[in-house]
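Chemist: Below is the sequence, then the predicted model.
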Amino acid sequence: MNIIKETRLGVKTYGKAIYPTKDAILVLSFGTTYEHTKKVTIDSIVQDIQHRYADTKVVLAFSSRIIVKRLRQKGIDILSPEEALDQLQAEGYTRVVMVSLDIIPGIEYTYKMALLEAYKQAFTQITLSTPLLYWMGQSACRDDVKLFIEALGSQFLSYSDKTAILLMAHGTNHPANAYYAVIQAKLDELTNRPVFIYSIEGWPELQDIIPKLVKLKITDIALMPMMLVAGDHAHNDMAGENEGSHLHLLKAAGFTVHTYMHGLGENAAIRKLFVEHTVEAVKDGGEI
């Protein structure tokens, strides 16, 4: 019986390539309606992957139905993952590597695993990469969290060592929310400055972090999105002018606050990690 196999690297593959193949790479992102941040983050990653696989078709799809709908209302046609896979099948592609642009293996990544299951009979081989953070250095596995923090560190250099960096994550009701605690532990181990992670829809929340800042007598803070794009959450929840924004709450608490309005996809070192995950998936699924 054929089953979806997970390799030692976490890459999931169904089927076996039958040569000659017709290959495609499908890049899967939640998406954004912010045109500028899409261009410098998501599109930049797609371009980096296309550069690595110059002779292979690379397609982008957005998983957020709301974002796809809003973009189409503006005359911008972005495919959903199902539409992209249906189109690739109709065009005769036989081997597809799906690249996850997720940060953690949460709800969105679970959806991508469901896609793998749903479309496993549509192609002779279909593969799903791991998200940016998957392994934690356990046993003989690599430490994705350490690699991520090292790549992220380049964004801290513009600020004084006495400035606390607050990383705004999305948060999730999925058990993968526990990754944030692992990231914090690694930040404490690897950084020589105060860096704290908090989330919008999970734990810890900003209100959990403020007492720690007060205890450390920190007065200067840099707010930074730990998200692929600097979209709605960054512009409104984090840095908005409304009274409930994180910027407003921290200023009201007496802190001096700087905002870093760049998504992770603008960081070349982060994009490199996504390309490496793509290469890993391609190799585990059979070289393209």
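Modeler: Noted; the coordinates are in hand. Numbers count the residues shown, from 1 in each chain.
Chemist: Just the pLDDT for Glu6.
Modeler: At Glu6, the pLDDT value in this model is 79.
Chemist: next one: Asn2
Modeler: The per-residue pLDDT reported for Asn2 equals 65.
Chemist: Checking Asn177 next. Helix, strand or coil?
Modeler: Per DSSP: H, G, I helix; E, B strand; the rest coil, the secondary structure class of Asn177 is helix.
Chemist: and it, how many residues sit next to it?
Modeler: Asn177: 19 surrounding residues under other CB atoms under 10 Å. Using the backbone N, CA and C atoms, a C-beta is placed for each residue, glycine as well.
Chemist: I'd like the distance between it and Ala169.
Modeler: From Asn177 over to Ala169 the distance is 9 Å, taken as CB to CB, to the nearest Å.
Chemist: quick one: common contacting residues for the two?
Modeler: By CB atoms under 8 Å, 6 or more residues apart in numbering, Asn177 and Ala169 have these common neighbours: 199, 202.
Chemist: Who does the closest residue to Glu6 other than its chain neighbours form a beta bridge with?
Modeler: The shortest distance from Glu6 to any non-neighbouring residue, by CB to CB, 6 or more residues apart in numbering, is to Lys12 (5.2 Å). Partner residues in beta bridges with Lys12, using DSSP bridges, are Glu6, Leu128.
Chemist: OK, contacts around Lys12?
Modeler: Applying CB under 8 Å, 6+ apart, the residues near Lys12 are 4-6, 113, 116, 127-128.
Chemist: And the residues you listed, which of them are buried?
Modeler: 113, 116, 127-128 (16 or more other CB atoms under 10 Å).
Chemist: Next secondary structure element downstream of the host helix or strand of Thr37?
Modeler: Assigned by DSSP states H and E, Thr37 belongs to helix 35-37. Sequence order places helix 43-52 as the next helix or strand after helix 35-37, per DSSP H and E.
Chemist: Using CSV, list the CA coordinates for that following helix.
Modeler: The C-alpha coordinates for helix 43-52 follow below in CSV (Å, rounded to 0.1, in the frame of the first residue of the first chain):
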residue,chain,number,x,y,z
ASP,A,43,7.7,37.6,-4.5
SER,A,44,11.3,37.8,-3.5
ILE,A,45,11.3,34.3,-2.1
VAL,A,46,9.6,33.0,-5.3
GLN,A,47,12.2,34.8,-7.4
ASP,A,48,15.0,33.2,-5.3
ILE,A,49,13.5,29.8,-5.7
GLN,A,50,13.0,30.4,-9.5
HIS,A,51,16.7,31.5,-9.7
ARG,A,52,17.7,28.2,-8.0
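Chemist: and it, what other elements does it pack with?
Modeler: strand 23-29, strand 57-62, helix 268-285 (3 or more CB pairs under 8 Å, 6 or more residues apart in numbering; DSSP states H and E).
Chemist: Repeat the analysis, applying 6 Å as the threshold.
Modeler: Contacting helix 43-52 under the criterion 3 or more CB pairs under 6 Å, 6 or more residues apart in numbering; DSSP states H and E are the following elements: strand 57-62, helix 268-285.
Chemist: Kindly reformat these as JSON lines containing mean neighbour count and mean pLDDT.
Modeler: Below are those laid out as JSON lines (neighbours: other CB atoms under 10 Å; pLDDT from 0 to 100):
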{"stretch": "strand 57-62", "mean neighbour count": "20", "mean pLDDT": "98"}
{"stretch": "helix 268-285", "mean neighbour count": "19", "mean pLDDT": "95"}
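Chemist: That'll do, ta.
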